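S.K.: here are the coordinates; sequence isn't available:
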């Protein structure tokens, strides 16, 4: 079977068992502060498992795109070195929400594997949970009995809490699990050592293929378990591994999931996967990583230096580095793999096809940037090795700076160092790396107390219609500790507070109890489908009713800005074209930013047209027309655009202002006229093919105009209030250019005079004539003098050590004939630069250096003379 057939047979099988086949959720998670990426199939059902949402169906199945780059068995640096590890992978899963349980899950898993996929029954093993004295749990006899219907007793094994008990986190839903393993060894090997002895021993040929999780407990903050009222099923089977088994391959990378990509890498590089060694590793790394990169960009996550964007940039740079080092790529190549990836996976995941050009452009720009970084890093490493020629060791802290600041991988540092006969202080590097990890752990360490539940009820958001509401009940509360500070989280049965989501910031305001106690709400967030109010303290009486009030002025500014993002989106599509699509936004009370797809910088004329168009839409005073319970089909018929990377439910909210129609859950102004005024502040690039507009509205827009007017008045004052300010500035620029030319002529004359003086005063030292530059001098003047001498002198050396504005500078020039004999100023000046605590470089004939220690100028000059005349 092909991989496409394997995926489809899985979905068809569970559809036949009454499961709703759901599409994969985005791989990039936008509204869950606990996760950056979907790392398991169950993530999109997390709200249901936590009891915060009511399931729309009792059974579900899908193939979920996932990303794992950290945690147990998920070290990014391990990917490529074997045939099993991946960053991006597909997880086949089926779920039951309070419907069927262990027996059905096991029976259907057995039926699919042995009757649909025709896997040899004698090669399969199952594990069940042996129980835990610590938790007070017993052997999972229910799962064991279900398996004994299908497998002999010696193929049904027990496992401990480490292998056979699944937990969502430190707290929350959890339960025993049953793993299905397969023995892929030959009959001869099986006869020597039974497969049961190799299950869960990290043997490469006796491997887990499916995990069936039976969620029946909840782990509380103090560690004890409580039974869940509704029992759930959550299963996960690695798609790539299943393909390896069914296609009778030894590695996931040999299946048709990856063979097309690897073939394309072979064609581009001229190398063959069969060469083995580092070539084979590099091709696996590239074939794996390009999937993770492309899917992330398609889901709206661009490479960057923070959070999820940093993870994607790190994966991309690792792929580039392997191609650069082991396959000889010195030009962008990852971007050239996208057509093959789209051919392989575009049918199952149409977002790849729709976003193909954007993905190519973003990756190409990132590749070019990192290739420049690699060149810079190599030069820095060479400088470092030159400084440590005596020890032949690259210091650990220096290697870490290359790694942390410039993205230069430690193994590449080792490789280049080894080629030059150097070693790297790995112990010192690891010390610095651990310090960084500890800083990161401290910055993100959170302690969550258990929810104290007062009442069970669904949460209703009423903030579209009102900003204050009475007779509200507190459902639950908890304390959260972060960075040694305590925060308090409150959940109410009804609330007008909008929780931060979809780029819009959360509301602030206050709550007031029946007893008159008023508590400020500092922020509101949306987490696991709960609207959580961050309060300055907990109520003294939690069972009373409350009066909730949103900060009206702040909300009004926010909703004006949010509506303006919709108007801006429409205006951009009118002015620039329908290729424009939203790629992200931030909506706050003071300003907003809007990211969109467009492949070049907007012209001043285009910006003016967009700004004019948006203000026309504001003055048209379009009313808010919304449908809060539209189906996706109804929304499409109304003309609403669905954004890639967003997860929509079965019922969506459609927001219309005139011809602007969008799917949106945010808050909006009742009429566009209340926005008042729209003003673009800036337009810039976010990534290749993605632009960003920052803008202000209303009072903030007027303030921006006043600020510009004040600047113009101040400038006009500098020109004696000239009636034609443009002409006055043009005259100043022209006068300045004339003055600069005159100064340059004077400087050139001075340089010529100084060059003649130095040539005349040069002393014969061995086979060369040597001139020295000392005192206080402009570095530009020193360089001009050196160039003049270089043009006409023979067997001539200029060595300079001088100060300018209190900073030490060096210059070293060799005449062309000395360069021809092997002299290299760029290399030699680095030795002297150590005395001024600096660095430098340049061409073989002329080099300069700067530093921080003027006291070392004399020693630096002596060193220059010593090297130059040796």
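M.R.: In hand now; what should we look at? Since the structure is predicted, the reported quantities are computational estimates derived from the model, not experimental observations. Numbers count the residues shown, from 1 in each chain.

S.K.: contacts only, for the residue at minimal distance from the centre of the chain.
M.R.: The chain has residue 309 as the residue nearest its centroid, 1.7 Å off, counting by Cα atoms, centre = their mean. For residue 309, the contact set (Cβ atoms under 8 Å, 6 or more residues apart in numbering) comprises 301, 302, 303. Yep, even glycine has a C-beta here, placed from its N, CA and C like the rest.

S.K.: which elements pack onto the lengthiest helix in the chain?
M.R.: Looking across the chain with DSSP state H, the single longest helix is helix 725-761. Counting contacts by 3 or more Cβ pairs under 8 Å, 6 or more residues apart in numbering; DSSP states H and E, helix 725-761 is packed against helix 698-718, strand 768-776, helix 779-792.

S.K.: to residue 63, which of those lies closest?
M.R.: helix 698-718 (46.0 Å; Cβ to Cβ).

S.K.: how far off centre is that closest one?
M.R.: 38 Å (Cα atoms, centre = their mean, to the nearest Å).

S.K.: tell me what angle that helix forms with helix 725-761.
M.R.: Counting by axes from the mean of the first three to the mean of the last three Cα atoms, to 10 degrees, helix 698-718 lies at 60 degrees to helix 725-761.

S.K.: what packs against helix 698-718?
M.R.: Counting by 3+ Cβ pairs under 8 Å, 6+ apart, helix 698-718 packs on helix 552-575, strand 678-687, helix 725-761.

S.K.: quick one: strands adjacent to the second one?
M.R.: Each strand that pairs with strand 678-687, with its direction, by DSSP bridges: strand 690-697 (antiparallel).

S.K.: okay, and the helix or strand of this protein with the least pLDDT?
M.R.: Counting by mean pLDDT, DSSP states H and E, the chain has its least confident helix or strand at strand 446-448, which shows a mean of 75.

S.K.: now the element after that strand, going C-ward?
M.R.: Using DSSP states H and E, the next helix or strand after strand 446-448 towards the C-terminus is strand 452-453.

S.K.: quick one: average pLDDT of the next helix or strand after that following strand?
M.R.: Following strand 452-453 in sequence order, the next helix or strand is strand 460-461 (DSSP H and E). On average, the pLDDT along strand 460-461 is 95.

S.K.: what does strand 460-461 contact?
M.R.: 493, 494, 495, 496, 498, 531.

S.K.: contacts only, for the first one.
M.R.: With contacts defined as Cβ under 8 Å, 6+ apart, the neighbours of residue 493 are 455, 457, 458, 459, 460, 472, 473, 475.

S.K.: may I have the phi/psi pair for it?
M.R.: phi -70, psi -30 (degrees, to the nearest 10).

S.K.: sorry, back to before: can you redo the helices and strands packed on helix 698-718 as a markdown table with distance to residue 537, mean neighbour count and mean pLDDT?
M.R.: Formatted as a markdown table, the helices and strands packed on helix 698-718 follow (distance: least, Cβ to Cβ, whole Å; neighbours: other Cβ atoms under 10 Å; pLDDT from 0 to 100):
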| stretch | distance to residue 537 | mean neighbour count | mean pLDDT |
| --- | --- | --- | --- |
| helix 552-575 | 21 | 22 | 97 |
| strand 678-687 | 38 | 17 | 94 |
| helix 725-761 | 56 | 12 | 93 |
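
S.K.: not counting sequence-adjacent ones, nearest residue to residue 468?
M.R.: residue 549 (4.5 Å; Cβ to Cβ, 6 or more residues apart in numbering).

S.K.: just give me the neighbour total for the one you found.
M.R.: Residues lying near residue 549 (other Cβ atoms under 10 Å) number 18.

S.K.: residue 716 now?
M.R.: Neighbour tally, residue 716, other Cβ under 10 Å: 14.

S.K.: tell me which residues touch it, please.
M.R.: 722, 725.

S.K.: rerun that using 10 Å as the cut-off
M.R.: 722, 723, 725, 728 (Cβ atoms under 10 Å, 6 or more residues apart in numbering).

S.K.: tell me which two of those sit farthest apart.
M.R.: 723 and 728 (8.8 Å).

S.K.: mind checking how far residue 127 is from residue 167?
M.R.: 17 Å (Cβ to Cβ, to the nearest Å).

S.K.: give me the pLDDT for the spatially closest residue to residue 751 that is not a sequence neighbour.
M.R.: Distances taken as Cβ to Cβ, 6+ apart put residue 784 closest to residue 751, at 4.1 Å, once the chain neighbours are dropped. Note for residue 784: predicted pLDDT of 93.

S.K.: surely residue 784 touches residue 752?
M.R.: Yes - between residue 784 and residue 752 a contact is recorded at 8.7 Å, counting by Cβ atoms under 10 Å.

S.K.: what about the helices in the stretch 501-650 of the chain?
M.R.: Remark: helices assigned in the stretch 501-650 of the chain by DSSP state H, counting those that start in this stretch are 552-575, 604-619, 632-637.

S.K.: circling back to that earlier point, of residue 127 and residue 167, who's got more company?
M.R.: The residue with more neighbours, out of residue 127 and residue 167, is residue 127; 27 against 16, by other Cβ under 10 Å.

S.K.: tell me the contacts of residue 551?
M.R.: Going by Cβ under 10 Å, 6+ apart, residue 551 touches 467, 497, 507, 508, 509, 510, 520, 521, 557, 558, 589.

S.K.: possible to save these as a markdown table with distance to residue 420?
M.R.: Conversion of these to a markdown table gives the following (distance: Cβ to Cβ, whole Å):
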| residue | distance to residue 420 |
| --- | --- |
| 467 | 68 |
| 497 | 61 |
| 507 | 60 |
| 508 | 59 |
| 509 | 64 |
| 510 | 66 |
| 520 | 62 |
| 521 | 61 |
| 557 | 60 |
| 558 | 58 |
| 589 | 57 |
